[in-house]
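> Kindly return the folded structure for what I paste below:
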Amino acid sequence: MEHEKLQLIDQIVSTAKREFDIDLAKEKLLSEEEYRTLVFTELASLENAELNRLISLFDQASNNPQQASVHNEQSTSHRNKGVLIASSIAFIALCAIGAWFGFSGTKTQQNEIVALPAKVVSQKSPEMAKPKPAEQIPEVAYQSLFAIHGSNTIGEKLAPALLKAYFEEQGAKEIDWQQGKIATERTMKFDMDGEKLAIALAAHGSSTAFKALNANMAQIGMSSRKIKTSEIEALKGQSGDLSKLGNEHIIALDGLAIIVNQNNPLKTITTETLSRIFSGEISNWAEIGGEQAPINVLARDDNSGTFDTFKSLVLKKYGRKLTKIAKRFESSSELSEHVSRDDFAIGFIGLNYIRYSKALAIADSSDTKAIYPTRFTIATEDYPLARRLYLYTPTNSATQIKDFANFAISDRGQEIVQELGLISQSIRVEDVASSELAPDKYNQYAKLAKRLSLNFRFNYATRDLDNKGKRDLQRLVSFVEENPSKKLVLMGFSDSIGARDKNTMLSLSRAKSVEQELNARGINVYAVEGFGEDMPLANNDNEVGRERNRRVEVWVL
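Modelled structure (predicted):
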């Protein structure tokens, strides 16, 4: 019977999407009777024969013939056009869960006036079951300042905190977040300079950031992965080149943690083994030394930048695809909670969402060291699954938008990043132990000096710093100005493509290019070293790994 009900819910969800472009919350339809009753009542008012047939079958399967009769009567009754339109609008407003990207709604423009209800009614309240006529609900007009769409990793906690802090600095009063019908959509309302303003936030995944920018539905994109070349080209005409320094803002660092239940004895794993597990080639814990039990694979959804990062760093690297039996989640929090309740689950989430689960140490290959995701290993991007979190703003953005992006990467913005458990780009000093894999000179410095929590990285085959490196230069200048007694040591590394001697010279050349940039800003460097292809952090057989190996570490004496 339960299997039959699940199939009927699936059919209702797909029919509502196909016929009316309405997205329904499947899990809530299954688990919350009051919500299901309301949704079924509103669906019946749309007078679609197939939907009414499926609803009637579900009610019969649930041993609720009386409710089935009600729905059948509703399907055969004739309503006047005004009632049908009112019911449809009420239903769409209630149940368009995550449906913004269907573009069925009105696009939010920067100067559009939006009407927001002064009172938000809980989905579980009696008032929601019997909504008041629209004319009886007092409304307050708010001017939409801008919309921000994209990554759930950023949008769930970080973006709301940054928006609130920034506008408080601008003098905003009575800041209030109005929750949408689902957790990934909300609106910030506030008063500023005598105006009532609103900012819409939708966090349905990184890919949706660039689609929303392209459709003029958002003015800021949030992404937990770097923008793709195809997305740059698609947006170049209206937004400018989003890969440029002025448009790409790295606001935080994060580690893609591989989590298992705390009761799982596994401690370390290679990315190659991960790819076999998440593709379904390894399906039992006993195959990797664990209990005789099936591996329950959990993953983020296709819109997620977290999934894009995992796919790039783990699956694509080994030519594999995610198993079709993986359970998918839009929310990192929900995925993490499922792992914490399942002894045999494995999943991937941002570092900030480990919570009650256990993170594994990751080795990029059997020839590289397994590294745990810590604040320092992620800040230096030594951890194999470290990633950057981005805001993207078009070249022609309004001043308010540019100011907000600059606030996010400012000292105050980075304090907020740190407070929320993500990794800020503020410089920290760390003792680093010597290593048997390191050259003697490197270990000599390890005994005398301390390492800073940043690495400079470069564009392929050049001495040009990437966008993060360009901003890290100013952070390093500020650090030296605050610590004038410290002496800087720069240590360059390369990938292994080409002759070893040439790579040693290239790594030294890149370290010297950082020295030149610092000298131009009045900062002297004590020593510059080039270690070539020694001490790789990642495999050199793919571009992602080679990019991680091309780095300049910063140490202080």
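> check which helix or strand covers the residue nearest to the spatial centre of the chain.
Most central in the chain under Cα atoms, centre = their mean is residue 153, positioned 3.1 Å from the mean C-alpha point. In the assignment (DSSP states H and E), residue 153 maps to helix 152-155.
> Could you list every helix and strand in contact with that helix?
Other helices and strands packing on helix 152-155, by 3 or more Cβ pairs under 8 Å, 6 or more residues apart in numbering; DSSP states H and E, are strand 220-223, strand 248-260, helix 305-310, strand 386-392. Using the backbone N, CA and C atoms, a C-beta is placed for each residue, glycine as well.
> Out of those, which one sits most buried?
Each of the helices and strands packed on helix 152-155 was scored by mean neighbour count; the highest is strand 220-223, a mean of 28, by mean count of other Cβ atoms under 10 Å.
> neighbouring strands for that strand, and are they parallel or not?
strand 139-150 (parallel), strand 386-392 (antiparallel) (DSSP bridges).
> so for that strand, what's the average pLDDT?
Mean pLDDT, computed over strand 220-223, is 97.
> Okay, buried residues for the helix or strand that it is followed by please.
The C-terminal neighbour of strand 220-223 among helices and strands, as given by DSSP H and E, is helix 229-239. Buried residues in helix 229-239, counted by 16 or more other Cβ atoms under 10 Å: 231, 232, 234, 235, 239.
> now stretch 308-323
Neighbour-count burial for stretch 308-323, with 16+ other Cβ under 10 Å as criterion, is recorded at 308, 309, 310, 311, 313, 314, 315, 317, 320, 322.
> of the buried residues of helix 229-239, closest to residue 438?
Nearest to residue 438 among those: residue 232, at 38.0 Å, using Cβ to Cβ.
> related to what we said a few turns ago, in JSON lines: the buried residues of helix 229-239, plus pLDDT.
Output for the buried residues of helix 229-239, formatted as JSON lines (pLDDT from 0 to 100):
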{"residue": "231", "pLDDT": "97"}
{"residue": "232", "pLDDT": "97"}
{"residue": "234", "pLDDT": "96"}
{"residue": "235", "pLDDT": "97"}
{"residue": "239", "pLDDT": "97"}
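> on that earlier part again, against which helices or strands is the helix or strand following the helix holding residue 153 packed?
Tracing the chain past helix 152-155, the next element assigned as helix or strand by DSSP H and E is helix 158-169. Where contact means 3+ Cβ pairs under 8 Å, 6+ apart, helix 158-169 is packed against strand 173-179, strand 185-192, strand 195-202, strand 248-260, helix 399-409, helix 411-419.
> JSON lines please, covering these and showing distance to residue 52 and mean pLDDT.
Formatted as JSON lines, the helices and strands packed on helix 158-169 follow (distance: least, Cβ to Cβ, whole Å; pLDDT from 0 to 100):
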{"stretch": "strand 173-179", "distance to residue 52": "31", "mean pLDDT": "95"}
{"stretch": "strand 185-192", "distance to residue 52": "29", "mean pLDDT": "97"}
{"stretch": "strand 195-202", "distance to residue 52": "31", "mean pLDDT": "96"}
{"stretch": "strand 248-260", "distance to residue 52": "43", "mean pLDDT": "95"}
{"stretch": "helix 399-409", "distance to residue 52": "46", "mean pLDDT": "97"}
{"stretch": "helix 411-419", "distance to residue 52": "50", "mean pLDDT": "96"}
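> Please identify the most buried of those.
Taking mean count of other Cβ under 10 Å, strand 248-260 is the most buried of the helices and strands packed on helix 158-169, at a mean of 25.
> How far does it sit from its chain's centre?
Relative to its chain's centre, strand 248-260 lies at 8 Å (Cα atoms, centre = their mean, to the nearest Å).
> which is the next helix or strand following it?
strand 268-270.
> Quick check: buried residues in that next one?
269, 270.
> And for whichever helix or strand comes after that strand, what's in contact with it?
Following strand 268-270 in sequence order, the next helix or strand is helix 271-278 (DSSP H and E). Applying Cβ atoms under 8 Å, 6 or more residues apart in numbering, the contact partners of helix 271-278 are 258, 282-283, 288, 295, 297, 299, 310, 313-315, 317-318, 320, 322-323, 326, 346, 362-365, 384-385.
> list the buried ones in helix 271-278?
For helix 271-278, the neighbour count (16+ other Cβ under 10 Å) marks 271, 272, 273, 274, 275, 276, 277, 278 as buried.
> That one relative to strand 248-260, how many degrees between them?
70 degrees (axes from the mean of the first three to the mean of the last three Cα atoms, to 10 degrees).
> Could you pull up the mean pLDDT of helix 271-278?
Model confidence over helix 271-278, given as mean pLDDT, is 97.
> Quick one: distance of that helix to the chain centre.
Centroid separation between helix 271-278 and its chain, computed with Cα atoms, centre = their mean, is 22 Å.
> ditto for stretch 411-428
Once both centres are worked out by Cα atoms, centre = their mean, stretch 411-428 turns out to sit 17 Å from its chain's centre.
> swap in stretch 157-169?
On the basis of Cα atoms, centre = their mean, the separation between the geometric centre of stretch 157-169 and that of its chain is 17 Å.
> ok, now stretch 491-510?
When distances are taken as Cα atoms, centre = their mean, stretch 491-510 is centred 34 Å away from the chain's centroid.
> Name the residues of that stretch that come out as buried.
Neighbour-count burial for stretch 491-510 flags 491-497, 503-504, 506-508, 510 (criterion: 16+ other Cβ under 10 Å).
> Quick one: mean pLDDT over that stretch.
Mean pLDDT, stretch 491-510: 94.
> pull the CA atoms of that stretch into PDB?
Only the C-alpha atoms of stretch 491-510 are listed here, as PDB (Å, rounded to 0.1, in the frame of the first residue of the first chain):
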ATOM      1  CA  MET A 491      58.700  29.000  -1.800                       C
ATOM      2  CA  GLY A 492      57.700  28.200  -5.400                       C
ATOM      3  CA  PHE A 493      56.400  24.800  -6.700                       C
ATOM      4  CA  SER A 494      55.400  23.600 -10.200                       C
ATOM      5  CA  ASP A 495      53.500  20.800 -11.800                       C
ATOM      6  CA  SER A 496      55.500  17.900 -13.300                       C
ATOM      7  CA  ILE A 497      54.800  18.700 -17.000                       C
ATOM      8  CA  GLY A 498      58.100  19.100 -18.800                       C
ATOM      9  CA  ALA A 499      61.700  18.700 -17.800                       C
ATOM     10  CA  ARG A 500      62.600  18.700 -14.100                       C
ATOM     11  CA  ASP A 501      65.200  21.400 -14.300                       C
ATOM     12  CA  LYS A 502      62.900  23.600 -16.300                       C
ATOM     13  CA  ASN A 503      60.100  23.100 -13.700                       C
ATOM     14  CA  THR A 504      62.500  24.100 -10.900                       C
ATOM     15  CA  MET A 505      63.400  27.300 -12.800                       C
ATOM     16  CA  LEU A 506      59.700  28.000 -13.500                       C
ATOM     17  CA  SER A 507      58.800  27.600  -9.800                       C
ATOM     18  CA  LEU A 508      61.500  30.000  -8.800                       C
ATOM     19  CA  SER A 509      60.400  32.400 -11.500                       C
ATOM     20  CA  ARG A 510      56.900  32.400 -10.200                       C
END
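> Quote the end-to-end distance of stretch 292-306.
30 Å (Cα to Cα, to the nearest Å).
> Now do the buried residues in it.
295, 296, 297, 298, 299, 300, 301, 303, 304, 305, 306.
> Just the ones of those in helices?
Judged by DSSP state H, helices contain the following of the buried residues of stretch 292-306: 305, 306.
> Which residues does the helix or strand hosting residue 513 contact?
Using DSSP H and E, residue 513 falls within helix 500-520. Outside of helix 500-520, the residues within contact range by Cβ under 8 Å, 6+ apart are 456, 458, 463, 465, 473, 476-477, 488, 490-498, 524-525, 528-533, 550, 552.
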